[in-house]
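In: Here's my sequence, what's the structure:
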Amino acid sequence: MPRRRAIEDYSASELRQLLMEKSRAEREARLEAYRKAGRVIETAQPEAQEAPEPGSEVEEGYLPRSNRSKRRRRSGLDNFLFAVEIIAIVGLLFIIFNGVNLLRDLNQQVASAIEQPTLTPTPLITAVVLPGGHVPPVAGQENRFNEAEIPEHLRPLMQSYANLPVPTQSPQQARQIQIPAIGVNAPVVLGDGWEQLKKGVGQHIGTANPGDEGNLVLSAHNDIFSEIFRDLDKLKEGDEVIIITQDRSFTYLITGSQIVEPTRVDLLAHTSDSTITLISCYPYLVDNKRIVVQGILQ
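Out: Sure, this is the predicted structure:
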């Protein structure tokens, strides 16, 4: 007869095994009692999962098969939800990027729609005759504009131009002209109509401002209203013309001169360089032509 062992003789794994067997035996006894009492319905028994050996390395992470199946299902669902989140983030980034590009394109379209074309300064009044025309002065008679220079069919057009209001003079426009070679030092006003040239030298409306690219056109009388441009024909190549604005001065050098018909309005046209054109009636006390002196910015 085998000798009974004291409890101190059992190892921890053997005690654990004995407890598991005792628990299993008690559970089976209860199930048998329930079956005899009709309180248990027989069902197909799942394949028994072999428990790991007590004390083995697998025992610590051991889970029943049903629990491991649940964990796998849960892990699969977590992976699916994570993938959905990644797809949602990528979709959101795509929408933001596409929205930024759409907004930029829309801004460019709006900017293109409201962009104004670059305007090239051109004379506003050029279609009839060169400025400065008048009837030769006669003692006892009032000085007046020479309408005979204007073709009859163009006189209504000239009259409509004369009725246009003169814009306010800006700080960038000419305020004073000095020509040391012929002793000219006179004010410059905006506009070269009959009334404006009574006050001094007139800057043709629409022509370039001093120092800017283009043709700065100035005119004055030679034998009435102070005879400011009387000696314009004495200017030589290289002589200086100083134009003063509100805060700066610009020096032009004379390049040449010519005598032309009053209808040579092409001399008022815009130029690609910074040039100046001085105009007056010619000859002195006859006034049936124009003297045009031209220069370039120094």
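
In: who's in contact with residue 152?
Out: By Cβ atoms under 8 Å, 6 or more residues apart in numbering, no residues touch residue 152. For every residue, glycine as well, the C-beta is placed using N, CA and C.

In: and the gap between it and residue 128?
Out: Separation of residue 152 from residue 128 (Cβ to Cβ, to the nearest Å) stands at 12 Å.

In: Then residue 245?
Out: Computed with Cβ to Cβ, the distance linking residue 245 and residue 128 is 29 Å.

In: Could you do residue 36 as well?
Out: According to Cβ to Cβ, residue 36 stands 132 Å off from residue 128.

In: Those two: which has the busier surroundings?
Out: residue 128 (19 against 9; other Cβ atoms under 10 Å).

In: What is the neighbour count of residue 241?
Out: 25.

In: Now do the helix or strand harbouring it: which elements does it pack against?
Out: Counting by DSSP states H and E, the element that carries residue 241 is strand 240-244. Packing partners of strand 240-244 (3 or more Cβ pairs under 8 Å, 6 or more residues apart in numbering; DSSP states H and E): strand 176-179, strand 249-260, strand 274-282.

In: if you set the cut-off to 10 Å instead, what comes out?
Out: Strand 240-244 sits against strand 176-179, strand 184-190, strand 214-219, strand 249-260, strand 274-282, strand 289-297, with contacts defined as 3 or more Cβ pairs under 10 Å, 6 or more residues apart in numbering; DSSP states H and E.

In: Any chance of CSV for the ones you listed, columns distance to residue 110?
Out: As requested, the helices and strands packed on strand 240-244 are exported to CSV (distance: least, Cβ to Cβ, whole Å):
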stretch, distance to residue 110
strand 176-179, 44
strand 184-190, 36
strand 214-219, 31
strand 249-260, 39
strand 274-282, 36
strand 289-297, 39
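
In: Relative to residue 94, which of those is closest?
Out: Closest to residue 94 of those is strand 214-219 (Cβ to Cβ; 51.8 Å).

In: what packs against that closest one?
Out: Counting contacts by 3+ Cβ pairs under 10 Å, 6+ apart, strand 214-219 packs against strand 184-190, strand 201-203, strand 240-244, strand 274-282, strand 289-297.

In: CA atoms only for that strand - export them in PDB, please.
Out: Presented in PDB, the C-alpha positions along strand 214-219 are these (Å, rounded to 0.1, in the frame of the first residue of the first chain):
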ATOM      1  CA  GLY A 214       6.700 109.300 -73.500                       C
ATOM      2  CA  ASN A 215       6.400 112.700 -75.200                       C
ATOM      3  CA  LEU A 216       5.900 115.800 -73.000                       C
ATOM      4  CA  VAL A 217       4.300 118.400 -75.200                       C
ATOM      5  CA  LEU A 218       4.500 122.100 -74.100                       C
ATOM      6  CA  SER A 219       3.300 125.100 -76.100                       C
END
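
In: Nothing else from me, thank you.
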